[in-house]
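Trainee: just coords:
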């Protein structure tokens, strides 16, 4: 079946296998799913093949002693190692664990999140703060889709959350969009948008399905220690805006976010 | 064009393929290029060991595989936060063609990354490189039977992730009956 899905059967073997598929509906469905996958996978990396090859890699292939590496945060042989697992482990942990302070290495960041949660904030606020703590320190992989792909980001996250999302623009207040990521939640997918100011400080806007029972709420604020959060529920979604900043700054941002989101969801008649 | 040796030229020609595979291993385009560079450096150091006429591609991919596996097992290098790094340089991972099913491509990439490393490697070597199952076995350093079982698990898992509910098709088949 692998050989068929990968297009590697021919002649008599191909005829025999396809005859078998004809008589077996379950097998046929699976074989076609595998073949679709194989074709989609082939297409996935195709654009990478057409990218220009950086000179330092050509130098390395020529054996030029120690080709220079582009200046970056974490460089040196082996720096590629950690890229993958950390972020995905973090995502998996968020999905699998309700909340565990001990798990977070950034204990100083963790405490305000816990106390906000204990103050009776909805569950999504707790998750929003957890996600803020996990992803804002990320240097290499803070977002899944970068702001440069803004339209794709919105399209993708909207599709996954099942409603059209609007990403507020906070440039006028000095915060530019870094990008977004999709996160698992108790009842479906959630989105996190990340913004950054000129000093490198980061702000996250977390969007979660608030559930059918919840009515709209006013802004609620909580802060303890370093992370301040405003959260509110508007229509289908709950929002949480988190940053290490003072209340007045965050309020101005929350009001701007709220204004842009409500303008988008209720266009003037 | 480069003229150092046919082997070096062949290595240069392989760079795009090594990069494509590395990007799906490493999750981050910059980290992937580091892995590719380490691989090329190692390959040049050992070029004398390469038998002319044998498959340079399989040899280079084997080097990359071994580098990747040994470094992930023995975390010698830590990725420390470095605040001068540019955020958002991750877009290199995804197809830039706006018309070509972006939502599906992102979902596929996400599902791929959710696979266990060993399954993903086997699947990508087959899909990206069109390697025979025996070649994959030699690159990854496991028996061909293990390649096939990893491939089966990878494909079944990917299907679960991408087509939720498709499992029903499986259970609709003939069921075992409990013998009383």
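Mentor: Looks like it came in fine. Being a predicted model, the structure only gives us computed values, none of them experimental. Numbering: from 1, shown residues only, chains lettered A, B, ... in the order given.

Trainee: Tally up the residues packed near residue A:55, please.
Mentor: Residue A:55: 11 surrounding residues under other Cβ atoms under 10 Å in any protein chain shown. C-beta: built from backbone N, CA, C; applies to glycine.

Trainee: residue boundaries of the helices in chain B?
Mentor: Counting by DSSP state H, chain B has helices at residues B:6-26, B:29-45, B:56-73, B:102-114, B:117-129, B:133-140, B:144-162, B:167-171.

Trainee: can you redo those helices as JSON lines with mean neighbour count?
Mentor: As requested, the helices of chain B are arranged in JSON lines below (neighbours: other Cβ atoms under 10 Å in any protein chain shown):
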{"stretch": "helix B:6-26", "mean neighbour count": "21"}
{"stretch": "helix B:29-45", "mean neighbour count": "24"}
{"stretch": "helix B:56-73", "mean neighbour count": "19"}
{"stretch": "helix B:102-114", "mean neighbour count": "18"}
{"stretch": "helix B:117-129", "mean neighbour count": "21"}
{"stretch": "helix B:133-140", "mean neighbour count": "20"}
{"stretch": "helix B:144-162", "mean neighbour count": "18"}
{"stretch": "helix B:167-171", "mean neighbour count": "12"}
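
Trainee: how about these in TSV, adding mean pLDDT?
Mentor: Output for the helices of chain B, formatted as TSV (pLDDT from 0 to 100):
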stretch	mean pLDDT
helix B:6-26	90
helix B:29-45	89
helix B:56-73	87
helix B:102-114	81
helix B:117-129	94
helix B:133-140	95
helix B:144-162	94
helix B:167-171	45
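
Trainee: what's the closest of those helices to residue A:56?
Mentor: helix B:29-45 (6.7 Å; Cβ to Cβ).

Trainee: Tell me which other helices or strands that closest one touches.
Mentor: If contacts are counted by 3 or more Cβ pairs under 8 Å, 6 or more residues apart in numbering or on different chains; DSSP states H and E, helix B:29-45 sits against helix A:55-61, helix A:83-96, helix B:6-26, helix B:56-73.

Trainee: The ones you listed: which one's closest to residue B:160?
Mentor: When the helices and strands packed on helix B:29-45 are compared (using Cβ to Cβ), the closest one is helix A:83-96, at 15.4 Å.

Trainee: okay, the closest residue to residue B:159 other than its chain neighbours: pLDDT?
Mentor: Nearest non-adjacent residue to residue B:159, counting by Cβ to Cβ, 6 or more residues apart in numbering or on different chains: residue A:33, 4.9 Å away. Note on residue A:33: pLDDT of 92.

Trainee: Same question for the one 5 residues further on.
Mentor: pLDDT recorded at residue A:38 is 91.

Trainee: List the buried residues in the strand or helix carrying it.
Mentor: Assigned by DSSP states H and E, residue A:38 belongs to helix A:25-44. Within helix A:25-44, the residues scored as buried using 16 or more other Cβ atoms under 10 Å in any protein chain shown are A:27, A:29-31, A:33-35, A:37-38, A:40-41, A:43-44.

Trainee: Now flag whichever of those is closest to chain B.
Mentor: Of all these, chain B sits closest to residue A:41, with 3.7 Å by Cβ to the nearest Cβ.

Trainee: I figured that closest one hits residue B:127, correct?
Mentor: Yes. With contact defined as Cβ atoms under 8 Å, residue A:41 counts as touching residue B:127 (3.7 Å).
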